[in-house]
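> Build me a model from this:
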Amino acid sequence: MSTADGSPWWRGAVIYQVYPRSFADGNGDGIGDIAGIRSRLNYLSTLGVDAIWFSPWYPSPMADAGYDVADYRDIDPVFGTLAEAEALIAEAQALGIRTIVDVVPNHCSDAHPWFQAALAGGPDAPERDLFWFRPGRGPNGDQRPTDWIGEFGGETWTRTTNPDGTPGDWYLHLFTAEQPDFNWDHPRVRAEFEDILRFWFDRGVDGIRIDSAGLLVKDGSLPETLPGRPHPFRDLDGVHEIYRAWRRVADEYPGDRALIGEVWMPDRQRFANYLRPDELHAAFNFDFLGCAWDAAALRESIDGTLSAHAPVGAPATWVLSNHDVTRHVTRYGRADTTFSFAAKREGIPTDL
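As a prediction, the model looks like this:
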């Protein structure tokens, strides 16, 4: 559905992030849930919210706050049921509030059925092709395949144990060891996620927030990360064909279904490439988010953002914080009001 002036809703929407575990508890067990969210929809409506972005609510062992997904087509029982989620989507729509669900395509949980089959089946399991299983280096294969540094810092490979108890191959995880990376070169992975998009669009979801959108494609030759060379897993050109395919899926549905990327990209032009007319509709503007509370710095970020977005016709987004980022009410009370992961630490003094 378009707005009164005929533009798609996502071009000017106020989007409110809900982390289900902490937002509202509907059944009194001390954990936020879908029942709690449903009970607060009128409150969100009074705030003037146009859409709600739900952090992952899928079945998950919670090794990474739900971003380790075990099943992309269900709801974790701690939050409720799929039927309750469908009711929430419908009730929000009745109040004029659209829903955005978080899809995590770079990796899944090690409890995902595909990965469990890959482990149980041993070195010849066909499911291993859906991930990045590789032999180790060295005469005994006991050295990691690469020395890549993970997105959380630290190592990116974990060695498996074969069904007979012998040391096995290694698998790649750019995040925690409980989050094996999918192999997006495999057509089954691509088909699976297109089906996941349709699953949620069929249930009335208006948008998809794409986690770690720039990491999906890897250089299969596994080169090391060296200065002056293309990065082996960040912002490879092949990722854009994935989002062109996703855009075709979104365009199958009425009502301006939106794809919104989490794209951490310091190069504004490379960032804008994700927003070309046949790819994503919008992306989180982390340049603005990390900017200091300083008029000149903010003006440069705003002007640079608008300039980069203009050639692709995409709207800029103005984001100040999220679940990964120190909340701005805290950060703007510090001596250093910028944001970076390296500098994000508890205990930094804040002048309330």
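
> roughly how far apart are L306 and V325?
22 Å (Cβ to Cβ, to the nearest Å). C-beta here means a position set from N, CA and C on the backbone, and glycine is covered the same way.

> More neighbours: which of those two?
V325 (18 against 11; other Cβ atoms under 10 Å).

> who are the neighbours in contact with the more buried one?
V325 makes contacts with 289, 331, 339, 344, as judged by Cβ atoms under 8 Å, 6 or more residues apart in numbering.

> When you filter those residues down to buried only, what's left?
Neighbour counting over the contacts of V325 (16 or more other Cβ atoms under 10 Å) leaves 289, 331, 339 as the buried ones.

> Find the residue closest to the first one in space, skipping its chain neighbours.
Going back to what we said before, that points to L289. V319 (4.8 Å; Cβ to Cβ, 6 or more residues apart in numbering).

> For the one you found, which residues are in contact?
V319 makes contact with 284-286, 288-289, according to Cβ under 8 Å, 6+ apart.

> Assign it to helix, strand or coil.
coil (DSSP: H, G, I helix; E, B strand; the rest coil).

> Give me the distance between A283 and H173.
24 Å.

> neighbour-wise, which of the two wins?
Each of A283 and H173 has its neighbours counted (other Cβ under 10 Å); A283 has more, 28 against 24.

> And the residue nearest to that one when sequence neighbours are not counted, its phi and psi?
Of all residues beyond its chain neighbours, the one nearest A283 is G261 (4.0 Å), with distances taken as Cβ to Cβ, 6+ apart. With angles defined as degrees, to the nearest 10, G261 sits at phi -100, psi 140.

> Isn't G261 up against N285?
No: using Cβ atoms under 8 Å, G261 is not in contact with N285, being 10.8 Å away.

> Pretty sure R190 sits against I242.
Yes: look at R190 against I242 with Cβ under 8 Å: they come within range, at 6.8 Å.

> Is E194 part of a helix or strand, or is it coil?
Quick answer, by three-state DSSP: E194 is helix.

> The residue lying closest to it once chain neighbours are set aside: what's it in contact with?
Among residues not flanking E194 along the chain, V249 sits closest, at 5.3 Å (Cβ to Cβ, 6+ apart). Residues in contact with V249, defined by Cβ under 8 Å, 6+ apart, are 194, 197-198, 201.

> can you check E155 too?
Counting by Cβ under 8 Å, 6+ apart, E155 has contacts R144.

> Which residue of this structure lies farthest from its centroid?
Residue farthest from the centre of the chain, counting by Cα atoms, centre = their mean, is P139 at 37.8 Å.

> Against T317, how distant is it?
51 Å.

> what does E178 give?
Following Cβ to Cβ, the distance that separates E178 from T317 is 30 Å.

> Isn't R159 up against D169?
Yes: R159 lies in contact with D169 (Cβ under 8 Å); the separation is 7.4 Å.

> wait, isn't G36 in contact with S22?
No: if you go by Cβ under 8 Å, G36 and S22 don't touch, sitting 9.7 Å apart.

> Name the residue in these two with the higher neighbour count.
The neighbour count for G36 versus S22, taken as other Cβ under 10 Å, is higher for G36 (21 against 12).

> name the element that one belongs to?
helix 34-39 (DSSP states H and E).

> tell me which residues of the next helix or strand after that helix are tucked away?
Per DSSP H and E, helix 34-39 leads on to helix 41-46 as the next helix or strand towards the C-terminus. Buried residues in helix 41-46, defined by neighbour count with 16+ other Cβ under 10 Å: 41, 44.
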